[in-house]
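> Turn this into a structure:
(2 chains)
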Amino acid sequence: MALTPAQTFEMGVRRVQRAVVEGLFVNTLNLADRMTVDFVWYPGADNVNTSIIDVIMPLINPGDAPREIPYKWSRTGMADIKRNLASGRVVLPLAPGSTGVLTVFDTTWRITRAAAGVTFSGAAGLQGVQQRLNLLGYHLRAPGASAAGIDSLNGARTERAVLSFQIDYRRPAGAPVAAPAGPIRVRGEVANNPGIQANLDFYNHVPAGSPNPSAADSAQLQAALVAMAGA
Amino acid sequence: MRAGFNYEVQAGDCISSIAEQFGFFWQTIWDANPALKSLRKNPNVLLPGDIVKIPDLVEKQQSCATDKRHSFVKKGTPAKFRLILERHNVPLANRPYILDIDGKIFEGRTDSTGLVEADISPSARHGVIRLPDDQLECELELGHLDPLNELAGVQQRLQNLGFLESAPSGEMDEDTKAALLYFQSSVNLPPTGELDEATRGKLLQMQDQTHPQRAEENAPPEPPSSADEPEEANSETDEEEDAAEMARFTSLDD
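Presented below is the predicted three-dimensional model:
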C-alpha cells in the first residue's frame, strides 16, 4: 500500500452565487485535505507497483462487471464512510493531527496524520523512526522525564518501542515474538509522489528482501501509517 | 415604453444579472416577483426554468439644451463576489490571493475570516481563485449555485464545504448519501443520511451564511423608493422622475 498525502487541492469547478451589494450572502469553500491511498502489490523484480485490484480481481474481458472492493473509513465522532474502491485507490478526508481507520478485507489500517507544522526527520534515520514511534504512542520517554527521548541512539527504550510496534502491527498468527536483532527493522517508504519526498512513512514491517506477500498475507497485513502533509 | 414580459431563467442567471440585462435595478425586479421571492428567498440563487416577470420599462425623456454637450453616466449596480476560504473549517486568513473574474484580475489578501470580496459585474460568469501560498486553484461558475430546495443545490453546497467528492449528479446517489452522513456527523446532527430540513438549514448556514463580522456594516439600507429611475445631475424635475423607469443613466451636463 502506498499513500500520498494531499499537498495540492484539485477542487475542480465550484458553483457559487453572485451577491447583491446590499445583501449579506457569501459563499464558503472549505478545503478538506484528502489522502490518496493506493493499494498496490509489492514491487517485484521489475520494481513496478501493480494495483491490488488487478491482482485479486484481474480483468478477464473488457466487458466484465466493474471490479469493486468495499472499504470503510472511520474517524472518531464521525459517521463511517463506506464506499467501493474500483481502481485500487481510495481518497480519504483526513485533517492534520487526526487519525482514521481504514478497513478493507476485514483488515484495518490506522492512518495518523501529523499535526500542522510538525516536521519529522527522514524515516531511514533512527531519529525519524523515534519521532514516528512517539507519534504512534510507542513512547520513548523515560519515566518521570520531560524529554521525549528522541536521541538518535538505539538504546533499550527504542528497541522496546520498536518491538512493541512490531508486535502490534506484524506478528503473524502463532509466530514467536523475538527481539529485533541488529538494525531496527522498521522500514520507511516514501510516497510515490516525488514532490512529497519523505513526507510519508509507511511501516509495513515486511523485512527487506521478503517475498511478495500472498493475498492471504495481505488480508492479515496491518500497518500504521504516519503521513505528513504540508499543512 | 416597453411592455413587461416573462423571462425564463437560464443557467448562471440571478436577479441582479437579469436586472442588468433588462435595464433595471435588482430590487425592482425582485419586488415585482413576490411569488418567486417567497419561493427562492435569496435573489442571488435562482433555478433555471424559473419565470421572472420583467416589469414595464418606461422611457424617460430628458430635456437638454441645444448647442451643449451632455454626458450620461450609467448608474450601474455592481454585484459582490464574496467567498470565505477555509481549510478543515479553519479560515485561510490573511493569505494572498489572485482572483480572475472574466479576465479582470483582483489581487489582495483574505481578511481574518478568510474572506475574499470584490465588486464584479452582475453578469460576470466565470472566475478562478488562486491562493499561491496554499497551492490552491479553483474554478468558479458564478450564478450557478442552485437553490437549496433542489437536490443539485444541496450537492453543490456539500461539495463546496468539502463533504462531497464527486460532481453533483442531481440524483440521490450513494456518494450523496455518504456526504450527507459525513456532513451530519460533522455538525452534530443525527447521522441519518437523509435530507431533512435541519440538514438543509445547516447547509444554508454554513455555505451561504451571513458573514457575521460584516452583518452590521452591511446592513441593508431602506429600499429606495425610486431606485431605478434615471437621475440627472442638478435635476430640477424630481417629481417627474418618480414615474420614470428606463435605462439608468445620469446626465452630467456641462
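
> Report the contact partners of the residue of chain A found nearest chain B.
Distances between chain A and chain B by CB to the nearest CB are smallest at A:Ala32, namely 3.2 Å. To be clear about C-beta, it is placed using only N, CA and C from the backbone, and glycine gets the same treatment. Residues near A:Ala32 by CB atoms under 8 Å, 6 or more residues apart in numbering or on different chains: A:Pro93, A:Ala95, B:His88, B:Gly162, B:Phe163.

> so which two of these are the farthest from each other?
Spanning the widest gap among the contacts of A:Ala32 are A:Ala95 and B:Phe163, at 13.1 Å by CB to CB.

> These two: which has the busier surroundings?
B:Phe163 (25 against 19; other CB atoms under 10 Å in any protein chain shown).

> so what's the more buried one scoring on pLDDT?
With respect to pLDDT, B:Phe163 scores 86.

> Kindly report the same for B:Arg95.
B:Arg95 carries a pLDDT value of 94.

> and what of A:Gly128?
For A:Gly128, the pLDDT comes out at 71.

> That one should be in a strand, yeah?
No - assigned with DSSP: H, G, I helix; E, B strand; the rest coil, A:Gly128 falls outside any strand and is helix.

> how close does the residue of chain A closest to chain B sit to B:Leu151?
A:Ala32 is 21 Å from B:Leu151, where distance means CB to CB, to the nearest Å.

> what's the answer for B:Gln205, then?
Separation of B:Gln205 from B:Leu151 (CB to CB): 19 Å.

> quick one: which of those two has more around it?
Per other CB under 10 Å, whichever of B:Gln205 and B:Leu151 has more neighbours is B:Leu151, with 17 against 12.

> Tell me if I'm right that the more buried one and B:Met172 touch.
Yes - assessed by CB atoms under 8 Å, B:Leu151 is found in contact with B:Met172 at 6.4 Å.

> Now the common contact residues for those two.
Residues touching both B:Leu151 and B:Met172 by CB under 8 Å, 6+ apart: B:Leu195.

> that older thread, including secondary structure, could the contacts of A:Ala32 go into TSV?
As requested, the contacts of A:Ala32 are exported to TSV (three-state DSSP):
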residue	secondary structure
A:Pro93	strand
A:Ala95	coil
B:His88	coil
B:Gly162	coil
B:Phe163	coil
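
> center of chain B, which residue is that?
Using CA atoms, centre = their mean, the residue of chain B that lies closest to the mean C-alpha position is B:Asn44, 3.7 Å off.

> Strands along the stretch 1-150 of chain B, start to end?
Taking DSSP state E, counting those that start in this stretch as the test, the strands found in the stretch 1-150 of chain B are B:5-8, B:51-54, B:70-74, B:79-87, B:90-91, B:96-101, B:104-109, B:115-120, B:126-131, B:136-142.

> where among these is the average confidence lowest?
strand B:70-74 (a mean of 81).

> counting contacts, what elements does it pack onto?
Contacting strand B:70-74 under the criterion 3 or more CB pairs under 8 Å, 6 or more residues apart in numbering or on different chains; DSSP states H and E are the following elements: strand B:249-253.

> next one: stretch B:154-164 to chain centre, how far?
In terms of CA atoms, centre = their mean, to the nearest Å, the centre of stretch B:154-164 is set 18 Å apart from its chain centre.

> isn't B:Leu195 right next to B:Met172, touching?
Yes - look at B:Leu195 against B:Met172 with CB under 8 Å: they come within range, at 7.4 Å.

> what touches both of the two?
In contact with both B:Leu195 and B:Met172: B:Leu151, using CB under 8 Å, 6+ apart.

> The closest residue to B:Val187 other than its chain neighbours sits in which helix or strand?
In space, and not counting its chain neighbours, B:Val187 is closest to B:Lys202: 5.2 Å by CB to CB, 6 or more residues apart in numbering or on different chains. Assigned by DSSP states H and E, B:Lys202 falls within helix B:197-207.

> If you count neighbours, what's buried in that helix?
By neighbour count with 16 or more other CB atoms under 10 Å in any protein chain shown, helix B:197-207 contains the buried residues B:Thr199, B:Lys202, B:Leu203, B:Leu204, B:Met206, B:Gln207.

> How about stretch B:105-121?
Of the residues in stretch B:105-121, B:Phe106, B:Thr110, B:Asp111, B:Thr113, B:Gly114, B:Leu115, B:Val116, B:Glu117, B:Ala118, B:Ile120, B:Ser121 count as buried by neighbour count, 16+ other CB under 10 Å.

> Tell me who's in contact with the residue in the stretch 151-254 of chain B positioned nearest to chain A.
Proximity to chain A, evaluated over the stretch 151-254 of chain B using CB to the nearest CB, is greatest for B:Gly162 at 3.2 Å. By CB under 8 Å, 6+ apart, B:Gly162 lies in contact with A:Leu29, A:Asn30, A:Leu31, A:Ala32, A:Pro93, B:His88.

> ok, B:Leu57 to A:Thr76 distance?
The gap separating B:Leu57 from A:Thr76 is 60 Å, by CB to CB.

> Compare those two (neighbour count), which wins?
Taking neighbours as other CB under 10 Å, B:Leu57 and A:Thr76 compare with B:Leu57 leading, 17 against 8.

> Pull up the gap between the more buried one and chain A, please.
Separation of B:Leu57 from chain A (CB to the nearest CB, to the nearest Å): 20 Å.
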